[in-house]
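J.: model the structure of this input:
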Amino acid sequence: MIRRLKSFITWVIAVTAVWVSTAEAQRREHERERFQTPHWVFDDRFRHNHYYPAPGYSLAVLPPGNLALRFGGGRYWFQSGVWYQAAGPGYVVVRPPVGIVVPVLPPSYTTVWASGVPYYYANDVYYTSVPAGYVVANPPLAEPAPQTGGPQPANWYYCESTKTYYPYTSECKEGWRQVPATPPQK
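T.: Next up is the predicted model:
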């Protein structure tokens, strides 16, 4: 009797596992089909794995919860990692200008490190931290690596004139001096 019960429980577990994995595969396939249109792109860089509307995609109304920002004489809207500008009677998805500051990061960002500096990546855009929020930055010169733990010992960047470190100050008139992240042992 106990052997039969164990056998039955094993069978139920196996059937449930097959059913769950089949349902998950169907859900993923449905999601792929839903987003397989010319106006959606899949960003898998740094295992970011998120869908975004493609630059140039136009829409009549902005999504709710967007932030309006002014920069360089232009007006931009930001929502969940997607940037918009007015175009005709509606709006169009655009690449953000380098230097524009947004108060919050996209909800699905990935932290990457390049030359000891953290960058926040989402939708093919890099951000760095500044006192007012996060500034859109040029891609780092060194190929960044995804960060899963805390910062790795590397180099910091020091500004002599302001006596501060990057990214706590975003500009340094005389140029940044690279210093070890860990002070030398005495």
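
J.: check which residues of the strand or helix carrying residue 121 are buried.
T.: Using DSSP states H and E, residue 121 maps to strand 117-122. For strand 117-122, burial by neighbour count (16 or more other CB atoms under 10 Å) applies to 117, 119, 120, 121, 122. C-beta coordinates here come from the backbone N, C-alpha and C atoms, glycine included.

J.: so after that strand, what's the next helix or strand?
T.: Taking DSSP H and E, what comes next after strand 117-122 is strand 125-130.

J.: partner strands of that following strand, with direction?
T.: Strand 125-130 sits in its sheet next to strand 117-122 (antiparallel), strand 133-137 (antiparallel), going by DSSP bridges.

J.: point out where the protein drops to low pLDDT.
T.: Low-confidence regions of the chain, defined by pLDDT under 70, span residues 8, 11-12, 14-38, 46, 48, 50, 142-159, 165-186.

J.: tell me where it has helices.
T.: For the chain, applying DSSP state H gives helices covering 2-35.

J.: still on that earlier bit, can you tell me which of the buried residues of strand 117-122 is nearest residue 84?
T.: residue 122 (15.1 Å; CB to CB).

J.: run through the bridge partners of the closest one.
T.: Residue 122 has these beta-bridge partners by DSSP bridges: residue 125.

J.: just use 37 as the starting number from now, easier for me
T.: From this message on, residue numbering opens at 37, which makes the last subject residue 158.

J.: tell me the domain ranges of this structure?
T.: 37-72, 78-137, 189-222 (automatic domain parsing).

J.: circling back to that earlier point, just the buried residues of strand 153-158 now: which is nearest residue 125?
T.: Nearest to residue 125 among the buried residues of strand 153-158, counting by CB to CB, is residue 158 at 28.4 Å.

J.: from what I see, the closest one and residue 144 are in contact.
T.: Yes: Residue 158 lies in contact with residue 144 (CB atoms under 8 Å); the separation is 6.0 Å.
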